[in-house]
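Asks: Provide a 3D model corresponding to the input given below.
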Amino acid sequence: RVPHALLFTGPVGCGKLALALAFASYLLGERHNGQSLLGNDSAVLNAETMLANWQHPDLHFSYPVIRPKGSSSAHKVTSDDFAAEWRALLGKGPYFSMDQWMGAMEAENQQAVIYEAESDALTHNLNLKSALGGYKVSLIWLPERMNITCANKLLKLLEEPPSQTVFLLVSEEPEQLLETIRSRVQRFDVHRIDTPDIEQALISKRGIDADTAHRMAHTAAGNWLKAVEALNSDSENRLFFDLFVSLMRQAYMRDIKGLKDWTDTIAAYGRERQRRMLVYFLHLVRENFMSNFRQPELNYMTQEEETFSQHFARFINERNVVEMAELLQRTHRDIGQNANPKMQFFNLALNMIILLRR
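Replies: Numbers count the residues shown, from 1 in each chain. Below is the predicted model:
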């Protein structure tokens, strides 16, 4: 018996969306080991053809979106506003980041949200009869980005689900979901991908030589997206690395004017990018602190990050690492709550001057 609501959760790049999509496809008739839930070959072929383009009438996607450019304040924003962009991104594969999705929507400084109108549209669609007579599947990517009104309406749907309906929630921060929602779903924790599996995939699918693939797989730490990003010299993490180095150097030299310019640069980014940058900064603080223990198997850095760490790691120590991490976490939280970015990042920069001297 299939539970009416499942929550797939795990770290970025672990494959939880891919798993949810595969399960949704099976529920809607795609063959697995030659077996299908549908009764005849014609229906199976029809379902598989529609699923190949993610256009099955009984598969309903919900995901964070921005307000479309040029739309009026009266426009009720739903996932359907970006359905073409969503299917185009899915067509490239089930592994992608929020940054890639924001780029597909051509977002600038907006934050992506699942709005109240989405739950209304979902309620309407799921209460209709199944188009092909089987399951109806609602797949919600990053449900933690629902606003509170949308979350409460989804809760009602989960409490009184329409007939033959399965909800698949794919979350990276399940703790941000309403407790009442978490209590009504069956949770599946998807673990990081094993390093040997990433290494083999890099060799067989990307044509990487064995030594390079081994290092990239170790650095990826179970995140397939990170492994793929390492192949792209223009990746966002390369930008974040340069910004981290700039911050630390100017903070050590107490270059207030330079830190002010650094702050102005960061403040011009969208909030989504600012928050991803802070997560990357936390990663580098952790890696530099662990580097002091001289145990390479505990570190997950690129060659460039390692080279920088050889001279910088000694400045991250037991006297400042906890406060530094807490400072970055507070800034990440406050930016997510629409705090003024110039004030937040200048405060971060000034505090780094103090912390690096400990």
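
Asks: where does the chain dip in pLDDT?
Replies: Low-confidence segments of the chain, defined by pLDDT under 70: 232-235.

Asks: show me where it has strands.
Replies: Remark: strands assigned in the chain by DSSP state E are 5-9, 59-62, 136-141, 165-171, 186-189.

Asks: The third one pairs with which strands?
Replies: The pairing partners recorded for strand 136-141 under DSSP bridges are strand 59-62 (parallel), strand 165-171 (parallel).

Asks: likewise the last one?
Replies: Strand 186-189 has the following strand partners under DSSP bridges: strand 5-9 (parallel).

Asks: domains of this protein?
Replies: 5-189, 192-232, 235-356 (automatic domain parsing).

Asks: export the strands of the chain to JSON lines and tack on distance to Phe23 and mean neighbour count?
Replies: C-beta here means a position set from N, CA and C on the backbone, and glycine is covered the same way. Shown next, in JSON lines, are the strands of the chain (distance: least, CB to CB, whole Å; neighbours: other CB atoms under 10 Å):
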{"stretch": "strand 5-9", "distance to Phe23": "8", "mean neighbour count": "22"}
{"stretch": "strand 59-62", "distance to Phe23": "11", "mean neighbour count": "22"}
{"stretch": "strand 136-141", "distance to Phe23": "9", "mean neighbour count": "25"}
{"stretch": "strand 165-171", "distance to Phe23": "7", "mean neighbour count": "23"}
{"stretch": "strand 186-189", "distance to Phe23": "9", "mean neighbour count": "12"}
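
Asks: So for Gln100, which of those sits nearest?
Replies: strand 136-141 (12.4 Å; CB to CB).

Asks: and of the strands paired with strand 136-141, who's closest to Lys205?
Replies: Proximity to Lys205 (CB to CB) singles out strand 165-171 among those, at 23.0 Å.

Asks: Please put the alpha-carbon coordinates of the closest one into PDB.
Replies: Taking Å, rounded to 0.1, in the frame of the first residue of the first chain, the C-alpha atoms of strand 165-171 are listed here in PDB:
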ATOM      1  CA  THR A 165      -3.600  11.000  -4.800                       C
ATOM      2  CA  VAL A 166       0.000  10.800  -3.700                       C
ATOM      3  CA  PHE A 167       2.100  13.800  -2.500                       C
ATOM      4  CA  LEU A 168       5.800  13.700  -2.900                       C
ATOM      5  CA  LEU A 169       7.700  16.500  -1.100                       C
ATOM      6  CA  VAL A 170      11.400  17.000  -1.900                       C
ATOM      7  CA  SER A 171      13.000  19.100   0.800                       C
END
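
Asks: Offset the numbering so it begins at 525, please.
Replies: Shifting the count to begin at 525 puts that one at strand 689-695.

Asks: if we can go back for a sec, could the strands of the chain go into TSV alongside distance to Met777?
Replies: Formatted as TSV, the strands of the chain follow (distance: least, CB to CB, whole Å):
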stretch	distance to Met777
strand 529-533	43
strand 583-586	48
strand 660-665	43
strand 689-695	42
strand 710-713	44
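
Asks: Serialize the strands paired with strand 660-665 to CSV and add fields for distance to Ser560.
Replies: Listed next are those as CSV, based on distance: least, CB to CB, whole Å:
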stretch, distance to Ser560
strand 583-586, 15
strand 689-695, 16
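
Asks: Quick check: which of those is nearest to Val709?
Replies: When the strands paired with strand 660-665 are compared by CB to CB, strand 689-695 sits nearest Val709, at 6.2 Å.

Asks: that older thread, tell me which of the strands of the chain lies nearest to Arg857.
Replies: Evaluated with CB to CB, those place strand 689-695 nearest to Arg857, the distance being 18.2 Å.

Asks: Tell me, how many residues neighbour the closest residue to Asp718 other than its chain neighbours?
Replies: Nearest-residue entry for Asp718: Gly746, 7.3 Å, with adjacent residues in sequence omitted and distances by CB to CB, 6 or more residues apart in numbering. Gly746 sits with 21 neighbouring residues when counted by other CB atoms under 10 Å.
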